[in-house]
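S.K.: Sequence and computational prediction follow.
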Amino acid sequence: MAYAIRRSGESRSFPTGDSFLTGAAEDADTVVLLGVPYEPDPSRRAILIELGTECLGVHTGESAGEEGSNAVGFARYRNGDDPPSDLVELVRQPNTEDRAIEAARAVFEGAGLTVVVSADRIGRIVDRLVRPKYNAALRLLDDGLARAEDMDMACRLGLGYPDGPVERAVRGGLAYHHEVSSALFVQSGQPGDAPARAAVVARERSERR
Amino acid sequence: MTGIRKVGVCGAAGTMGSGIAIVSARAGFETVCHDVDGEGLERASSQTASFFARSVERGRMIEEDRDAALRRLSPTAELDALADCDLVIEAVFEDLSTKQALFRALNPICKDEAIFASNTSTLSITQIASGCGREDRVVGMHFCLPAQLMKLIEMSPGINTSDEAFEAAWAWTEAAGQNPVRTQDRPGFILNALLVPFNNDAIRAVEAGIASPADIDTAIKAALGYRMGPLELIDLIGLDTQILLSEAFYPITLDPRAAAPALLRRMVAAGRLGRKSGRGFHDYEGSAMYGA
């Protein structure tokens, strides 16, 4: 499906050189916004807004659970500084038009990516699930449950994961983990979402530089 | 080096116990397979023979080694048969009083230097050892399912476990071709401490209407490279088992993530136990998905 891109600055989902950028048309019924402010345009089939940790409602506004239009949020999952994965999380509001979701799905699947749909909540699907786990692993490390290497090896050998929670959180950047966890914690108030000590340390060190 | 030559496995008619017995016999240790369920032992012996036969067919084992491993296995329903074992590994029902009673019964039967190991996944090693009469020679030795294939063992000492006993048990796991990791005597050790709350979070995401079970599983597999999504895994282990695991953790840790979600309890009440009942978060008889 044809899509146009409106871009300002570097995108986390599609960094410079990504083939998705070069596959765009000059103009199309579906527009992808990468760092460009959202302006409503009902004449479009879909307007796809790249999200960071924020909700789609920050861009579109909300109306007591009745919101929704042709605007669809999205983010290609990245573990901090790791390269983008093949997963695109679409974000819909309660009344988001189905045809806009279908258009978004067609655009990203056409680019060879895997698409899932999430409600408009901070963390979407993946970060909502993995960030508390990384916090737990970092806290267990502080508590002396096991060495980081052993915790990671246990997850690789015992669960068949390609990597363990500590190595993954560290590789993605603990300061970034702090940013995502903090956003989750503000929304949920759940202790498991609060950034672990090691993430707080990394964040404070990054602010000193 | 390990001074352990003869191993006993209690609960050897079960899935975990029979797998542990395979690990032991395959590595060259005389292995006494104990269970009170005589028919279950016969069934496990037959399954073990089939497993070794497949290993030969797949080129992972030669016939002579298969025959030798089978000869090392001695099924019995008598605890007295464990008297000369150097290491006794229990894989009986996951219940504190059951495990305590077993070790108390074994203590006067087994030789003084024998080490008792518990395959518990959630209970305290120190509590299991309490009152058995050899608290200094009890260790945690948690195998992963299926034990005959998975290399990981979570090793944990209890408060009163001696270094010498722990090191001897550790050496045995290495001699048996396993990969031990050291952890502490805390609920769930490493794996379940991370996995049980993570799985509950996935259930809560369904409950909150964040995404469908299919999309949650797809997202986790695509983003993280996991072979199975959390809801697929819960369906495999059983939703009722996920409740039992949560109930083992939450009263000790008071971690809200470890508490069984309300949706999980409702689904179990509705008979949706996962693969074993044909329906859980996914439908194994049709294509329908439960949830958002």
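M.R.: Good, I have the coordinates. Numbers count the residues shown, from 1 in each chain, chains lettered A, B, ... in the order given.

S.K.: B:Ser156 sits in which helix or strand?
M.R.: strand B:152-157 (DSSP states H and E).

S.K.: Dump that strand to CSV, restricted to CA.
M.R.: Taking Å, rounded to 0.1, in the frame of the first residue of the first chain, the C-alpha atoms of strand B:152-157 are listed here in CSV:
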residue,chain,number,x,y,z
LEU,B,152,20.0,-26.0,33.7
ILE,B,153,19.9,-26.8,37.4
GLU,B,154,19.3,-24.1,40.0
MET,B,155,21.4,-25.0,43.1
SER,B,156,20.7,-23.4,46.4
PRO,B,157,22.0,-24.0,49.9
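
S.K.: Is the residue lying closest to B:Cys132 once chain neighbours are set aside part of a helix or strand, or is it coil?
M.R.: With C-beta to C-beta, 6 or more residues apart in numbering or on different chains as the criterion, B:Cys132 has its nearest non-adjacent residue at 3.8 Å, and that residue is B:Phe103. Yep, even glycine has a C-beta here, placed from its N, CA and C like the rest. The three-state assignment at B:Phe103 reads helix, by DSSP: H, G, I helix; E, B strand; the rest coil.

S.K.: Confirm for me that B:Phe103 is in contact with B:Glu135.
M.R.: No - B:Phe103 lies out of contact with B:Glu135 (C-beta atoms under 8 Å); the separation is 9.5 Å.

S.K.: what about the two, which has more around it?
M.R.: Taking neighbours as other C-beta atoms under 10 Å in any protein chain shown, B:Phe103 and B:Glu135 compare with B:Phe103 leading, 23 against 19.

S.K.: Just give me the longest helix of chain A.
M.R.: As assigned by DSSP state H, the longest helix anywhere in chain A is helix A:126-142.

S.K.: How many neighbouring residues does A:Ala28 have?
M.R.: Under the neighbour criterion other C-beta under 10 Å, A:Ala28 is assigned a count of 18.

S.K.: Next up, the contacts around it.
M.R.: Listed by C-beta atoms under 8 Å, 6 or more residues apart in numbering or on different chains, the contact set of A:Ala28 reads A:Ala2, A:Tyr3, A:Ala4.

S.K.: A:Leu34 too?
M.R.: By C-beta under 8 Å, 6+ apart, the contact set of A:Leu34 is A:Ile5, A:Arg6, A:Arg7, A:Ser8, A:Gly9, A:Ser11, A:Ser13, A:Phe14, A:Glu50.

S.K.: Would you list the buried entries among those residues?
M.R.: Applying 16 or more other C-beta atoms under 10 Å in any protein chain shown to these, the neighbour count classes A:Ile5, A:Arg7, A:Ser11, A:Ser13, A:Phe14, A:Glu50 as buried.

S.K.: Got phi/psi on the nearest residue to the last one once chain neighbours are set aside?
M.R.: It refers to A:Glu50. Using C-beta to C-beta, 6+ apart and skipping residues adjacent in sequence, the residue nearest A:Glu50 is A:Leu34, 5.1 Å away. Note on A:Leu34: backbone dihedrals following degrees, to the nearest 10 are phi -110, psi 90.

S.K.: before we move on, what about B:Gly140?
M.R.: Torsion angles, degrees, to the nearest 10, at B:Gly140: phi -90, psi 130.

S.K.: Can you report how many residues lie near it?
M.R.: Neighbour tally, B:Gly140, other C-beta under 10 Å: 28.

S.K.: Measure how the helix or strand that the strand holding B:Ser156 is followed by sits relative to strand B:152-157, angle-wise.
M.R.: Scanning forward in sequence from strand B:152-157 by DSSP H and E, the next helix or strand is helix B:163-175. With axes from the mean of the first three to the mean of the last three C-alpha atoms, to 10 degrees defining the directions, helix B:163-175 sits at 170 degrees from strand B:152-157.

S.K.: Averaged pLDDT, helix B:163-175. What do you get?
M.R.: For helix B:163-175, the mean per-residue pLDDT is 98.

S.K.: Report the angle between the helix or strand where B:Ala21 lies and helix B:163-175.
M.R.: According to DSSP H and E, B:Ala21 maps onto helix B:15-26. Helix B:15-26 runs at 80 degrees relative to helix B:163-175, counting by the same axes, to 10 degrees.

S.K.: before we move on, the earlier item: can you pull the residues that touch both of B:Phe103 and B:Glu135?
M.R.: Common neighbours of B:Phe103 and B:Glu135, using C-beta under 8 Å, 6+ apart, are B:Ala129.

S.K.: so what strands line up beside the helix or strand B:Gly8 falls within?
M.R.: Element membership of B:Gly8 [criterion: DSSP H and E] is strand B:6-10. According to DSSP bridges, strand B:6-10 forms sheet pairs with strand B:30-34 (parallel), strand B:87-90 (parallel).

S.K.: Run through the strands of the chain in chain order.
M.R.: Answering for chain A, as no chain was given. Using DSSP state E, the strands of chain A run over residues A:4-7, A:30-34, A:46-50, A:71-76, A:87-92, A:114-119.

S.K.: Chain B is the one I meant
M.R.: Along chain B, the segments classed as strands by DSSP E run B:6-10, B:30-34, B:73-76, B:87-90, B:115-118, B:138-143, B:152-157, B:179-182.

S.K.: Can you convert those into TSV and add a column each for distance to A:Ala202?
M.R.: As requested, the strands of chain B are arranged in TSV below (distance: least, C-beta to C-beta, whole Å):
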stretch	distance to A:Ala202
strand B:6-10	46
strand B:30-34	48
strand B:73-76	52
strand B:87-90	41
strand B:115-118	38
strand B:138-143	32
strand B:152-157	28
strand B:179-182	25
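
S.K.: I'd like those laid out as TSV, including mean pLDDT.
M.R.: Listed next are those as TSV, based on pLDDT from 0 to 100:
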stretch	mean pLDDT
strand B:6-10	98
strand B:30-34	98
strand B:73-76	97
strand B:87-90	98
strand B:115-118	98
strand B:138-143	98
strand B:152-157	97
strand B:179-182	97
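
S.K.: So what touches the strand holding B:Gly8?
M.R.: Here strand B:6-10 makes contact (C-beta under 8 Å, 6+ apart) with B:17, B:20-21, B:24, B:29-35, B:81-82, B:84-92, B:102, B:106, B:172.

S.K.: Next: stretch A:152-170.
M.R.: By C-beta under 8 Å, 6+ apart, the residues outside stretch A:152-170 that reach it are A:79, A:130, A:133-134, A:136-138, A:141, A:146, A:148, A:151, A:171, A:177, A:199, B:144, B:150-152, B:154, B:179, B:181, B:183, B:190-191, B:194-195, B:224-228.

S.K.: buried ones in stretch A:180-187?
M.R.: The neighbour-count check on stretch A:180-187 (16+ other C-beta under 10 Å) flags A:Val180, A:Ser181, A:Ser182, A:Ala183, A:Leu184, A:Phe185 as buried.

S.K.: hang on, I meant stretch B:173-193
M.R.: Judged by neighbour count using 16+ other C-beta under 10 Å, the buried positions of stretch B:173-193 are B:173, B:176, B:178-193.

S.K.: likewise stretch B:222-237?
M.R.: Neighbour counts over stretch B:222-237 (16+ other C-beta under 10 Å) mark B:Ala222, B:Ala223, B:Leu224, B:Tyr226, B:Gly229, B:Pro230, B:Leu231, B:Glu232, B:Leu233, B:Ile234, B:Asp235, B:Ile237 as buried.

S.K.: So it, near chain A or not?
M.R.: Yes - shown here: stretch B:222-237 in contact with chain A (C-beta under 8 Å from any C-beta of the partner chain) through B:Ala222, B:Ala223, B:Leu224, B:Gly225, B:Tyr226, B:Arg227, B:Met228, B:Pro230.
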